[in-house]
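> Test case, fold it:
(2 chains)
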Amino acid sequence: MYRKEKSIQIKNSASALYNNLGVLRIAPRRLTCFTAVHANVVNMVSASWDGLNYSHRQLQSKEPNVATSTSLIMQAAFCALPSRDLLVVTSQKGIQMYESDGSTMVYWHALDTPETNTVFDVPSKGSNITLADVIEGHKESITDMASECCGGEVCVADLVSADDGGNLCVWKAGEEFSLLNHIPGFDISCSSVKLWKGTAVAGYGTGQIRLYEAVTGILHAEVNAHARWIYSLDVAPFSGLLLSAAEDSLVRVWLLSMSPESHSVEIGHLHNECVTDTQICGAKFCDSDGYAFAVTGYDLSEIIRYTQS
Amino acid sequence: MSSRTLPLLFINLGGEMLYILDQRLRAQNIPPDKAKKAGWIDDDRRRVMNDIITTMFNKKFLEELFKPQELYSKKALRTVFDRLAHASIMRLNQASMDKLYDLMTMAFKYQVLLCPRPKDILLVSFNHMDAIKDFVKDTPSILGQVDETYRQLIEMYTALSSGEFQLIRQTLLIFFQDMHIRVSIFLKDKVQNSNGRFVLPTSGPVPHGTLVPCLIRMFSCSGEEVMRRQFSNGGNYTAALREGSFEIFGDRVKWPWSTNTHSCVYQQVNVAPNPLAKEELNMLAKLMGGLEVQKPGNADNGFRVNLFSTDEEEEEALISRPDDLLYGVINIQATKDQQANAELAKIMGQFAESGEQSPSSSSKGDDLLAMMDGL
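Residues are numbered from 1 along each chain as shown, chains lettered A, B, ... in the order given. Modelled structure (predicted):
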């Protein structure tokens, strides 16, 4: 179903962190940007679609006021907002936001309490980003968040956040964020969560994937997907393809679909890829159809790519 | 990252070091009837092990170690183990110390990587503690220190969640990142590839708490299971084994990659590139200034241990070690001026062996504070 393509070399190997791969497809410039975190550095590489040009950049996590200290980065991700794209880099000390090519840092925010969701107002240009809200909903460390952009349709749930206890919080965005639902966990960390057509897709430390109807909390499917801790999930919104990657060296591709009779989500297995002797830490689709995906692994200095054959 | 990682890093690396030294000392053991003045006998081996373990489990040092803090830099930690290895009459040349440290770190990296569940790192630590207890089982005073450390480990770690353990594991993996030194026993047992990367099996029992992959279950809105489907595995897994014990005494469920199951001595094959990171000095480096308890005359009286098969091999290893693999051990020595360096003197006093105050020894050399400024 997929075949392996030429890998992209990165300057440093990827660290063992959840969701350790960022992908941003920039169609007007016919290139795709990839990011992978190595300790306190974000490695960025922009690859042209013709495979001929690669340009590298490295961003180091630094606190502006403390010259000598650096912090380990927890995650780097691209946020595609309606007006602009940003690269957001988080560490235990704070949040940094950069232009999507990594050229300029536009904002820095120090973190006091790690167990809160912070919301920022981002203007379409410039660095006038302001802290809009701080939402409390989790008692444990937050591991991942996902949102869904429904286009013309009305979305009930806008955002889902997951934590180390496996709890999921479902939110409605707006002037103020409101908590729609709280889905309790089983003391097993949820390392990755995605939202698709109102379904929260969650990956856990036990290797299980669960599909919940976000607003009601009803469990629609449970998959014993991996033999080790799941590190990354991604959904291709247009096709419903789901990618899961774990420490067991496997990347699996699934298909999510809405059943017309029951109006609930179903899941089927499509494909496996094994990255030999590698604990995978990031896996993402490179486009909204899921035509191609990329993978990073601990101690691996390359981004491995696969495309549909 | 996790601020509770350092005790586990130190205790496990220390445990590996003790296994390797014990094996090496036994290999260099000379039978009592043939013992010459310059050779090793069994009593010396026990004395070396006791001295190192006593220093490793020094009460004040462990108190500092168990405080929540960031991990030390590679350079600083290497200096710690340098001091520890020389806390007895045993002497190691630079090449042997480098080799010892390479073996220790690769062995523990292997164990961290292969841990089925993050919490199993604690079981690995208890494995090491069990072995250390065995080394000192005939010496009640040291045994007491070891038991106390057990209690501290249990107090600090047994209540942590799996997510917190995973964070500890991730912090350790960042520390060990890009280390691919080849170890001959690992190559021989096919747990390491010739490029220095470890083999990760895709078969065997799943971790405790995980279910064997391949099953999809779907539920109706009322919670009833409406469908079950198997899918192709891409691996060959079996059900989980029973969980190991987290008590002071218990069956840990030993895994094949525990180093103490290898009876032959480690041989290092070749070195792979390992860039020396430029790191800042930190609190522990200051503490380590105090572990220098040897007096100047000791170098002649000490017994030398060689981690290579011959002296020539050891010399050759030192000359041919690539520049980018130099550990750059910091030589930290106290200044003569106790007033100016009061804090260092106080810390050094904490590490003095019982009945011995060492601040006045090792008086020449670099000013630690000046060194810190220079970085």
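> before we move on, which element is A:Asp101 in?
Assessed by DSSP states H and E, A:Asp101 sits outside every helix and strand.
> Actually, B:Gly144.
helix B:140-157.
> What is that helix packed up against?
Applying 3 or more CB pairs under 8 Å, 6 or more residues apart in numbering or on different chains; DSSP states H and E, one finds that helix B:140-157 contacts helix B:6-27, helix B:42-56, helix B:59-65, helix B:120-135. C-beta: built from backbone N, CA, C; applies to glycine.
> hmm, try it at 6 Å
helix B:120-135 (3 or more CB pairs under 6 Å, 6 or more residues apart in numbering or on different chains; DSSP states H and E).
> you'd agree B:Phe81 is in a helix?
Yes. Checked against DSSP: H, G, I helix; E, B strand; the rest coil, B:Phe81 lies within a helix.
> near chain B, which residues of chain A?
A:13, A:15-16, A:39, A:72, A:164, A:189, A:205-207, A:218-227, A:249-250, A:269, A:272, A:274, A:277 (CB under 6 Å from any CB of the partner chain).
> Show only the entries of the residues you listed found in strands.
Members of the residues of chain A next to chain B lying in strands (criterion: DSSP state E): A:Leu219, A:His220, A:Ala221, A:Glu222, A:Val223, A:Asn224, A:Leu250, A:His269, A:Asn272, A:Cys274.
> need the contact list for the second one.
For A:His220, the residues meeting the contact criterion (CB atoms under 6 Å, 6 or more residues apart in numbering or on different chains) are A:Leu211, A:Ser264, A:Val265, B:Phe219.
> now do the third one
Residues in contact with A:Ala221, defined by CB under 6 Å, 6+ apart, are A:Leu211, A:Ile267, B:Met218.
> let's go with 8 Å and repeat that
Counting by CB atoms under 8 Å, 6 or more residues apart in numbering or on different chains, A:Ala221 touches A:Arg210, A:Leu211, A:Val265, A:Glu266, A:Ile267, B:Ile216, B:Arg217, B:Met218, B:Phe219.
> tally of neighbours for the fourth one?
When you say that, I think you mean A:Glu266. Using other CB atoms under 10 Å in any protein chain shown, A:Glu266 has 19 other residues around it.
> can you check the fifth one too?
A:Ile267 sits with 24 neighbouring residues when counted by other CB under 10 Å.
> Ok, the third one next?
By the measure other CB under 10 Å, the count of residues near A:Val265 is 22.
> what about the residue nearest to it when sequence neighbours are not counted, distance to A:Val215?
Using CB to CB, 6 or more residues apart in numbering or on different chains and skipping the chain neighbours, the partner closest in space to A:Val265 is A:Thr199 (4.5 Å). Distance, A:Thr199 to A:Val215, by CB to CB, to the nearest Å: 10 Å.
> Which one of those two is surrounded by more residues?
Using other CB under 10 Å as the criterion, A:Thr199 and A:Val215 rank with A:Thr199 on top: 24 against 15.
> Kindly state the beta-bridge partners for the more buried one.
Judged by DSSP bridges, the bridge partners of A:Thr199 are A:Trp196, A:Glu213.
> need the contact list for it.
A:Leu211, A:Tyr212, A:Glu213, A:Ala214, A:His220, A:Leu256, A:Val265.
> confidence score at the third one?
In the predicted model, A:Glu213 carries a pLDDT score of 90.
> now do the last one
At A:Val265, the pLDDT value in this model is 88.
> tell me which residues form a beta bridge with it?
Here A:Val265, judged by DSSP bridges, has bridge partners A:Met258.
> gap between it and B:Cys221?
12 Å.
> for chain A, what are the nearby residues on the stretch 1-150 of chain B?
Listed as neighbours of chain A in the stretch 1-150 of chain B under the rule CB under 8 Å from any CB of the partner chain: B:Met1, B:Leu113, B:Pro116, B:Arg117, B:Pro118.
> Now do the same contact list for the residue nearest to A:Leu241 when sequence neighbours are not counted.
Leaving aside its sequence neighbours, A:Leu241 sits nearest to A:Gly290 (CB to CB, 6+ apart; 3.5 Å). A:Gly290 is in contact with A:Ala236, A:Phe238, A:Ser239, A:Leu241, A:Leu243, A:Val253, A:Gln308, counting by CB under 8 Å, 6+ apart.
> Looks like A:Ser244 contacts A:Arg252 (just checking).
Yes. Contact criterion CB atoms under 8 Å: A:Ser244 and A:Arg252 qualify, at 5.0 Å.
> what touches both of these two?
Common neighbours of A:Ser244 and A:Arg252, counting by CB under 8 Å, 6+ apart, are A:Ala225, A:His226.
> Helix or strand next in line after the one helix or strand A:Val45 maps to, which one?
Using DSSP H and E, A:Val45 falls within strand A:41-48. Following strand A:41-48 in sequence order, the next helix or strand is strand A:54-60 (DSSP H and E).
> C-terminal to that next one, what's the next element?
With DSSP H and E, the next secondary element past strand A:54-60 is strand A:73-80.
> List the strands paired with the very next helix or strand once past that next one, with their directions.
Sequence-wise, the next helix or strand downstream of strand A:73-80 (DSSP H and E) is strand A:85-91. Strand A:85-91 has its sheet partners listed here by DSSP bridges as strand A:73-80 (antiparallel), strand A:94-99 (antiparallel).
> Next, format those strands as CSV and append mean pLDDT.
As requested, these are exported to CSV (pLDDT from 0 to 100):
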stretch, mean pLDDT
strand A:73-80, 82
strand A:94-99, 82
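> how about the ones you listed, which one is nearest B:Glu63?
B:Glu63 lies closest, by CB to CB, to one member of these: strand A:73-80, at 29.4 Å.
> Please list the residues outside that closest one that contact it.
With contact meaning CB under 8 Å, 6+ apart, strand A:73-80 is reached by A:17-20, A:22-24, A:33, A:35-37, A:39-42, A:59, A:61, A:85-92, A:100, B:1.
> Name only those of these that count as buried.
A:17-20, A:22-24, A:33, A:35-37, A:39-42, A:59, A:61, A:86-92, A:100, B:1 (16 or more other CB atoms under 10 Å in any protein chain shown).
> Those residues of the stretch 201-350 of chain B touching chain A, which are they?
By CB under 8 Å from any CB, the residues of the stretch 201-350 of chain B that approach chain A are B:202, B:206-207, B:209-221, B:223, B:229, B:231-235, B:237, B:280.
> The contacts of A:Thr199: which two are farthest apart?
Farthest apart among those by CB to CB are A:Ala214 and A:Leu256. That separation is 13.4 Å.
> the more surrounded of the two?
Of the pair A:Ala214 and A:Leu256, A:Ala214 is the one with more neighbours under other CB under 10 Å, namely 30 against 21.
> ok, now which ones touch the more buried one?
Contacts of A:Ala214 (CB under 8 Å, 6+ apart): A:Val156, A:Ala157, A:Val160, A:Leu168, A:Val170, A:Leu180, A:Asn181, A:Leu195, A:Gly198, A:Thr199, A:Ala200.
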